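Asks: Below is the sequence, then the predicted model.
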Amino acid sequence: MSLDSTLFLGIRAAPSEVQLHLVNTGLFTRIDDINGLKRVVADGCIVTIFPDAGMHDDPREAGLQVNMRLSLACTESAKSKAWTLATVRAVVSLLRAMPGDVLLLYSGDTPALMRKHGRLMLDKRCGLWRSDVEPKVLPLVTLQYD
């Protein structure tokens, strides 16, 4: 299992605004930029905000228009539960705050969540949303989804 996820966003916000939003949730702390990239950290998780979507096929294949991506990396394998919670909390917080298309590739390249044209879909095949998964993350998704 890869301990990193990628969140693709199609939003009208600058990386600094995304960083500020995550810090304002109280769940993340701002850390120094690296090579001009904005970053935040939480227990077990470091988030790097890229001002472009990169050369990834997944959003395009899903028919999404994205202009930004977040890399959510686990800082230590022993903290994988904390990383999972931080990842889901960041995603849900951004879904609430910013309209636009979203694609979450969880634990490498497994599609877990997509918001397209305002419709939120969870892919239960990825394993993240099962009720027996620890930590319990499905209750954190309080938005209507399919």
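Replies: Nice, thanks for sending it over.
Asks: need the helix or strand of the protein with the lowest average pLDDT.
Replies: helix 58-61 (a mean of 91; mean pLDDT, DSSP states H and E).
Asks: After that one, which helix or strand is next?
Replies: Downstream of helix 58-61, the first helix or strand assigned by DSSP states H and E is strand 68-74.
Asks: so where's the longest helix in this structure?
Replies: In the chain, assigned by DSSP state H, the helix with the most residues is helix 80-97.
Asks: and the angle for the following helix or strand past that one with helix 80-97?
Replies: Beyond helix 80-97 on the C-terminal side, the first helix or strand identified by DSSP H and E is strand 101-106. With axes from the mean of the first three to the mean of the last three CA atoms, to 10 degrees defining the directions, strand 101-106 sits at 180 degrees from helix 80-97.
Asks: what lines up beside strand 101-106 in the sheet?
Replies: The pairing partners recorded for strand 101-106 under DSSP bridges are strand 4-10 (antiparallel), strand 110-116 (antiparallel).
Asks: And the last one, how far out from the chain middle?
Replies: Put plainly, it is strand 110-116. With CA atoms, centre = their mean, to the nearest Å as the basis, strand 110-116 stands 10 Å off its chain's centre.
Asks: now that strand: mean pLDDT?
Replies: Per-residue pLDDT values over strand 110-116 give a mean of 94.
Asks: The first one too?
Replies: Over the span of strand 4-10, the pLDDT mean works out to 95.
Asks: Kindly report the same for stretch 65-74.
Replies: 95.
Asks: Pull the distance from it to the chain's centre.
Replies: Using CA atoms, centre = their mean, the offset of stretch 65-74 from its chain centre is 7 Å.
Asks: outside of that stretch, which residues touch it?
Replies: 3-11, 13, 15, 18, 44-54, 56, 59, 80, 83, 86-87, 90, 101, 103 (CB atoms under 8 Å, 6 or more residues apart in numbering). Bear in mind the C-beta positions are built from the backbone N, C-alpha and C, glycine included.
Asks: Could you list the low-pLDDT ranges of this structure?
Replies: Regions of the chain meeting the criterion pLDDT under 70 cover residues 1-2.
Asks: Centre of the chain to the least confident helix or strand of the chain, how far?
Replies: For helix 58-61, the distance to the chain centre is 16 Å (CA atoms, centre = their mean).
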